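In: give me a model of this one.
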Amino acid sequence: MLISIKDLRQRKNILDFQQEFPPESFDLGTDVRATSPVKADGRATLIEEPTGNKGTLDDIRIAGKLSADLEILCARCLEPVQYPIHREYELLYRPAGSDVGEKEVELQDKDAAISYYEDDGLELEDVLREQILLEVPIKTVCKEECKGLCPHCGRNLNTGECECAQAAVDPRWEALKGLKDKLQK
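Out: Numbers count the residues shown, from 1 in each chain. Okay, the predicted model is just below:
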């Protein structure tokens with residue numbers, strides 16, 4: 001769904017939306033996928049901001065909420081983990097290149113909250129994809145005591161031990177093994 005400046009002006013600077021997107025609408029990478037429709041509702045508002053001698057800027061403010069069910073691969077054993085999300089957001093978009101000046105300026109905290117759109121507007125799907133990815137944890141595990149995969153054969157150690165786990169010893173630890181024996185005497 002395109003949120004365009006033209007549509008916002010025709011609707012008296014306010015556009016309410018309530019959308020449901022199929023799970024395959026969003027490319028979330030290789031470790032995350034949506035397993036339910038992504039539901040979003042909110043409001044887009046056109047804010048005409050005076051800029052002094054340059055006229056006005058057409059900022060778009062989007063406030064809303066989204067919900068979806070995600071499937072994320074466990075960081076240790078690669079088994080899928082169900083992860084529901086519910087997120088509220090409030091964002092400000094400014095025309096691309098509108099803050100370009102002749103000299104360098106230091107960014108303020110308020111500048112970090114501004115994103116940019118190109119041409120006549122922005123795609124709601126792009127906004128939602130960003131918000132979904134911000135909700136995904138850095139590391140997801142299926143359970144806290146997950147044993148992960150065997151580094152040699154790749155077997156999931158949560159389902160049972162493998163044959164190579166006991167036989168494989170890293171030779172770099174051999175010197176410490178001898179030290180342990182000496183200390184115990």
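In: the nearest residue to Ala68 once chain neighbours are set aside pairs with what?
Out: With sequence-adjacent residues excluded and distances taken as C-beta to C-beta, 6 or more residues apart in numbering, Ala68 is closest to Val38, at 4.3 Å. (Glycine included, C-beta is placed from N, CA and C.) Legend: beta-bridge partners of Val38 under DSSP bridges are Phe21.
In: excluding its backbone neighbours, what's nearest the residue nearest to the spatial centre of the chain?
Out: When C-alpha atoms, centre = their mean is applied to the chain, the residue found nearest the centroid is Leu133 (1.3 Å). In space, and not counting its chain neighbours, Leu133 is closest to Leu28: 6.5 Å by C-beta to C-beta, 6+ apart.
In: quick one on the thing from earlier: and the contacts of the host helix or strand of the residue nearest to the centre of the chain?
Out: For Leu133, the element it lies in under DSSP states H and E is helix 124-135. Here helix 124-135 makes contact (C-beta atoms under 8 Å, 6 or more residues apart in numbering) with 1-3, 17, 19, 21, 25-29, 32, 34, 38, 40, 62, 66, 68, 70, 85, 87, 89, 91.
In: show me where this structure has its helices.
Out: 5-10, 124-135, 164-167, 174-184 (DSSP state H).
In: circling back to that earlier point, count of residues packed around the residue nearest to Leu133?
Out: For Leu28, the count of nearby residues is 17 (other C-beta atoms under 10 Å).
In: quick one: contacts for it?
Out: Taking C-beta under 8 Å, 6+ apart, one finds Ala34, Leu70, Arg129, Ile132, Leu133, Val136 in contact with Leu28.
In: which one of the residues you listed is nearest Gln10?
Out: Relative to Gln10, the closest of these is Arg129; by C-beta to C-beta it sits at 26.3 Å.
In: roughly how far apart are that closest one and Asp27?
Out: 7 Å (C-beta to C-beta, to the nearest Å).
In: can I see the domain layout of the protein?
Out: The chain resolves into domains spanning 2-135, 149-185 when parsed by automatic domain parsing.
In: flag every buried residue along the shortest one.
Out: Applying a neighbour-count criterion of 16 or more other C-beta atoms under 10 Å, one finds Leu149, Cys150, Arg155, Asn156, Asn158, Cys162 buried in domain 149-185.
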